[in-house]
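Undergrad: Attaching a predicted model along with its sequence, questions to come.
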2 protein chains.
Amino acid sequence: MSPASADMAESLRDFDRSLPMSLMKAREAVMKEFIPSLREHNLTPQQWRVIRSLQQHDGQDMGSLADSCFLLSPSLSRIVQTLEGRGLVSRRGVRGDQRRQAVFLSTAGRKLFALIAPKSAERYQRITEKFGYGKLELLYELLDDLVASLDHPE
Amino acid sequence: MSPASADMAESLRDFDRSLPMSLMKAREAVMKEFIPSLREHNLTPQQWRVIRSLQQHDGQDMGSLADSCFLLSPSLSRIVQTLEGRGLVSRRGVRGDQRRQAVFLSTAGRKLFALIAPKSAERYQRITEKFGYGKLELLYELLDDLVASLDHPE
DNA sequence: CTAAAGATGTTAACATGTTAACCAGTTTAA
DNA sequence: TTAAACTGGTTAACATGTTAACATCTTTAG
């Protein structure tokens, strides 16, 4: 093997220690706690994010819903269509701007939220206990800090 | 609004503060630093993970490759097929066990790695500087710790 | 007022995530 | 030894991630 390629291999972090990888693994581990109860109700994590967001602010348009759920518009379009097909949400044009569509949680959607939310809260509680409240807060801070550091390239 | 649903909404963390969400946002922010240089060479982050892993341990079989890249087998199957089609990797049956396929980086694959790796290392360097080495190490520790906490449910 | 620019969403196309089903080769146990 | 169980890997089907193209409606510049 040439010295050049050996040097380059070493200049990269160990494979199992790359930052995106570690963040992904942590996210997977956390999600694993929530996904089973969502699957019982045939919901994906993304669909659940949309429902949760609507529960807090009903009638958001697609744009703000995409922002609050951290989803790209194409994904959100499909997800809302699916939820609409299942009767969990409905849409209505916004008067005054015919481009906008406001999305509303249906009664069935609200019922489903009420069914899942307690379990979800319980899982959070368990994670907080297992990991430690202080460390969890520290982790949130570091993550926010990291995003802020990278958001301002100048 | 009924008191019950209000309570449930409050019992969940603020929407923009859920743990999987924060981890995902941080990962997105970090990936944003690397994706452009990968896209210049028509590589996805996952394809790059496979190439990096092979650069370190050439000739891994699909199973260990999936483990080291943190990919599920179906995803890896497709990715290796794509890379094979582009002539970046090749496969060979393992003598002694006709189920296993060993994957090797081709000369073209090694060349591509050598082209991208320095930029990638440079990005890591920039991230470390912007965020701070100490905080980065602390973050790694917390993430590992979190995964370990959740891996042992008992 | 009207054409250009901008905003809001959707569709298309391709890659990955995820679960289940499946196939072929290997190991194990009766 | 041979059928059952296991292992390594692929394929299928559906949902999402991602970029680009597009259709509409709205605003704005001239």
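TA: Thanks, I have the structure now.
Undergrad: Could you say which helix or strand holds A:Arg100?
TA: strand A:97-105 (DSSP states H and E).
Undergrad: what about the helix or strand that that strand is followed by, near chain B?
TA: As assigned by DSSP H and E, the chain's next helix or strand after strand A:97-105 is helix A:107-131. Yes. Applying CB under 8 Å from any CB of the partner chain, one finds helix A:107-131 touching chain B at A:Arg110, A:Phe113, A:Ala114, A:Ala117, A:Pro118, A:Ser120, A:Ala121, A:Tyr124, A:Ile127, A:Lys130, A:Phe131. Glycine gets a C-beta too; all of them are placed from N, C-alpha and C.
Undergrad: Packing partners of helix A:107-131?
TA: helix A:19-39, helix A:45-56, helix B:3-11, helix B:133-151 (3 or more CB pairs under 8 Å, 6 or more residues apart in numbering or on different chains; DSSP states H and E).
Undergrad: Of all those helices, which one comes closest to DNA strand D?
TA: helix A:45-56 (4.1 Å; CB to the nearest atom of the strand).
Undergrad: So is the helix or strand just after the closest one next to DNA strand C?
TA: Next in sequence after helix A:45-56, counting helices and strands by DSSP H and E, comes helix A:62-69. Yes. Applying CB under 7 Å from any atom of the strand, one finds helix A:62-69 in contact with DNA strand C at A:Met62, A:Gly63.
Undergrad: Give me the average confidence score over stretch A:96-111.
TA: The pLDDT scores in stretch A:96-111 average 96.
Undergrad: Check which residues of it are buried.
TA: Neighbour-count burial for stretch A:96-111 flags A:Gln101, A:Ala102, A:Val103, A:Leu105, A:Ser106, A:Gly109, A:Arg110 (criterion: 16 or more other CB atoms under 10 Å in any protein chain shown).
Undergrad: Confirm for me that the first one is in contact with A:Ser64.
TA: No. Using CB atoms under 8 Å, A:Gln101 and A:Ser64 do not qualify as a contacting pair, with a distance of 11.4 Å.
Undergrad: In which helix or strand does A:Arg92 reside?
TA: strand A:89-94.
Undergrad: For that strand, list every residue counted as buried.
TA: Applying 16+ other CB under 10 Å to strand A:89-94 flags A:Val89, A:Arg91 as buried.
Undergrad: can you give me the offset of that strand from its chain's centre?
TA: Computed by CA atoms, centre = their mean, to the nearest Å, the separation of strand A:89-94 from the middle of its chain amounts to 23 Å.
Undergrad: do the same with stretch A:130-147
TA: With CA atoms, centre = their mean, you get 17 Å for stretch A:130-147.
Undergrad: Check what contacts it and list those residues.
TA: Residues from elsewhere that reach stretch A:130-147, judged by CB atoms under 8 Å, 6 or more residues apart in numbering or on different chains: A:127-128, B:17, B:19, B:22-23, B:25-26, B:29-30, B:131, B:135, B:138-139, B:142-143, B:145-146, B:149-150.
Undergrad: If any of these are buried, put those into a ChimeraX selection.
TA: Per 16+ other CB under 10 Å, the buried members of these correspond to this ChimeraX selection:
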select /A:127 /B:19,22,23,25,26,29,30,131,139,142,143,146,149,150
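Undergrad: returning to that earlier point: nearest to DNA strand C, out of the helices and strands packed on helix A:107-131?
TA: Of those, nearest to DNA strand C by CB to the nearest atom of the strand is helix A:19-39, at 5.9 Å.
Undergrad: Would you tell me which residues of chain A are close to DNA strand C?
TA: A:28, A:31, A:35, A:39, A:61-63, A:73-74, A:76-78, A:80-81, A:97, A:99-101.
Undergrad: right, and out of the buried residues of stretch A:96-111, which lies closest to B:Gln56?
TA: Minimum distance to B:Gln56 across these is 46.7 Å, recorded for A:Val103 (CB to CB).
Undergrad: Okay then, goodbye and thanks.
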